[in-house]
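Chemist: show me the folded form of this:
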Amino acid sequence: MDLVAAVARARSPENPGPDTPAGPAVRAWPGPPLPIPEARAGELDLRALLGLSLAASDGSGRLRPAPSAGALHPVDAQLVVGAGCPLPPGRYGYDPLRHRVHRLGREPDGVLPGATVELSVTPRRTLSHYGHRAWPLMLLDTGHVVAALWLAARALGICESLPRLDGLADDPLAAVHFAPPQGGGRASRPAGASMDAPAPRELLARRSAPPPLGGTPLPDVLRALLATAVQASAGELAWCAAVGGPRPELVELAPDGTLRRLAAGEARPTLAVWAAGQAWLADAGAVLLAYGCPSDADAPRIRRAHLRAGFAVHLAHLTAVRHGSAARPVGSWQQADLGAALGAAPGRDWIVHGLALGTTHPDEEKTS
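Modeler: Numbering: from 1, shown residues only. Okay, the predicted model is just below:
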């Protein structure tokens, strides 16, 4: 698969073809399903870690803690288990619908203590609905799953959770290592990620708010979201927010942490067209935008930018919820050359990911 050509086509105005069958929601791992034992003292709590990050909370798989385009969940997880875990050392496939594992073989030589979660994708699931637009979405989904794993580790106090988001490999696309707790350490913060440890209930309660998302978040909230996203993307992408209200504009984070105007005027109707024609986006209170990944980016840079964008938007989503805002990730973008629209050279600053924001949504209105 030529990722450079796939992303260029996904950015084009070409419409996907008719839907095709998505296939099974979980990879058909060989061997019998095995329960994940309860962790004993000094062992990595794999059951709780996966339960807070990847396990579905109903049989359809639609209610996993990590969001996914079209609720298709293409990301698959394998576990490379070493010493200090409730499972015997080896390689395992994880079934998020049953919260079970399948032993695939022995562990590789030199495996680290603890467990590494390796993430790959089953393209058929996302291709079934999005067709040629699928590959950027699958990369974003993978970044969201990395963030879900990292946040679960922080919620549980698991030490040394180290995400690999370098984009150098296509299988696995990303990986996260978790060390056992013998050293008494605490969960580390990967480069470019700063966030207070969440409570487990925050992670299980995370949902993408349904549109419409009305009401413009306050400047303090936008500052917090932009700061979270900028740090989490580790310099890979630029960030701004399209704001509605009486003075619509694009704002970005200044070096001193304040908001500054990037451009004046109403951008949301154009964003709605670029976001696969999602008309409701024109009335969203604000839209957080990640942009960069130029047309001449090679495959590793494309992977890295999209993985980082998914990771950062996931953390920004949690930040939004903590500030009382409704939020919904927006991953499909066509002809979304934000740089060219702002007068810069074309093909340099494509929108990679977005997070629609509001202060109200229908569920809140029904209970208010």
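Chemist: neighbours of residue 180, how many?
Modeler: 22 (other C-beta atoms under 10 Å). Using the backbone N, CA and C atoms, a C-beta is placed for each residue, glycine as well.
Chemist: which residues touch it?
Modeler: The neighbours of residue 180, taking C-beta atoms under 8 Å, 6 or more residues apart in numbering as the test, are 42, 43, 44, 83, 84, 85, 113, 114.
Chemist: which of the residues you listed are buried?
Modeler: Taking 16 or more other C-beta atoms under 10 Å as the criterion, what is buried in the contacts of residue 180 is 43, 44, 84, 85, 113, 114.
Chemist: in the stretch 51-200 of the chain, which ranges drop under the pLDDT threshold?
Modeler: 59-63, 160, 182-194 (pLDDT under 70).
Chemist: buried stuff in stretch 11-18?
Modeler: 11, 16.
Chemist: just how off-centre is it within its chain?
Modeler: 23 Å (C-alpha atoms, centre = their mean, to the nearest Å).
Chemist: and the end-to-end length of that stretch?
Modeler: One end of stretch 11-18 sits 18 Å from the other (C-alpha to C-alpha, to the nearest Å).
Chemist: and stretch 117-128, by the same measure?
Modeler: 26 Å.
Chemist: what residues sit buried inside that stretch?
Modeler: In stretch 117-128, counting by 16+ other C-beta under 10 Å, buried: 117, 118, 119, 120, 121, 122, 125, 126, 127, 128.
Chemist: show me the contact partners of that stretch.
Modeler: 19-23, 25, 27, 69-70, 72-80, 94, 134-135, 137-138, 141-142, 145-146, 149, 171-178.
Chemist: tell me the mean pLDDT over stretch 282-299?
Modeler: Mean pLDDT, computed over stretch 282-299, is 98.
Chemist: how distant is it from the center of its chain?
Modeler: 14 Å.
Chemist: just stretch 281-293 next, same as before
Modeler: 15 Å.
Chemist: that older thread, want to throw the buried residues of stretch 117-128 into CSV with secondary structure?
Modeler: Converted to CSV, those look like this (DSSP: H, G, I helix; E, B strand; the rest coil):
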residue, secondary structure
117, strand
118, strand
119, strand
120, strand
121, strand
122, coil
125, helix
126, helix
127, helix
128, helix
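Chemist: for residue 155, state which of these is nearest.
Modeler: Nearest to residue 155 among the buried residues of stretch 117-128: residue 117, at 15.5 Å, using C-beta to C-beta.
Chemist: helices of the stretch 101-250 of the chain, start to end?
Modeler: For the stretch 101-250 of the chain, the helices defined by DSSP state H, counting those that start in this stretch occupy 123-130, 134-156, 200-205, 219-232.
Chemist: for the ones you listed, which one sits closest to residue 263?
Modeler: Per C-beta to C-beta, nearest to residue 263 of the helices of the stretch 101-250 of the chain: helix 219-232, 15.1 Å.
Chemist: quick check: mean pLDDT of the closest one?
Modeler: On average, helix 219-232 scores 97.
Chemist: other SSEs contacting it?
Modeler: Applying 3 or more C-beta pairs under 8 Å, 6 or more residues apart in numbering; DSSP states H and E, one finds that helix 219-232 makes contact with strand 238-243, strand 249-253, strand 259-264, strand 286-292, helix 299-322, strand 350-358.
Chemist: so how far is the second one from its chain's centroid?
Modeler: What it means is strand 249-253. 22 Å.
Chemist: pull the CA atoms of it into CSV?
Modeler: Provided in CSV are the C-alpha atoms of strand 249-253 (Å, rounded to 0.1, in the frame of the first residue of the first chain):
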residue,chain,number,x,y,z
GLU,A,249,-11.9,34.3,14.1
LEU,A,250,-9.1,31.8,14.1
VAL,A,251,-7.0,31.9,17.3
GLU,A,252,-3.7,30.2,18.2
LEU,A,253,-1.6,29.9,21.3
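Chemist: for that strand, list every residue counted as buried.
Modeler: 249, 250, 251, 252, 253.
Chemist: give me the contact list for that strand.
Modeler: 222-223, 226-227, 230, 238-243, 259-265, 267, 342.
Chemist: just the pLDDT at the closest residue to residue 270 other than its chain neighbours, thanks.
Modeler: Closest residue to residue 270 apart from its sequence neighbours, by C-beta to C-beta, 6 or more residues apart in numbering: residue 341 at 7.1 Å. If you check residue 341, the pLDDT there is 98.
Chemist: so residue 341 touches residue 274, yeah?
Modeler: No. If you go by C-beta atoms under 8 Å, residue 341 and residue 274 don't touch, sitting 9.2 Å apart.
Chemist: could you tell me which residues touch both of the two?
Modeler: In contact with both residue 341 and residue 274: no residue, using C-beta under 8 Å, 6+ apart.
Chemist: looking at these two, which is more packed in?
Modeler: Neighbour totals were compared for residue 341 and residue 274, and residue 274 leads with 25 against 17 (other C-beta under 10 Å).
Chemist: what sits closest to the more buried one if chain neighbours are left out?
Modeler: Using C-beta to C-beta, 6+ apart, the nearest residue to residue 274 is residue 336, at 3.9 Å.
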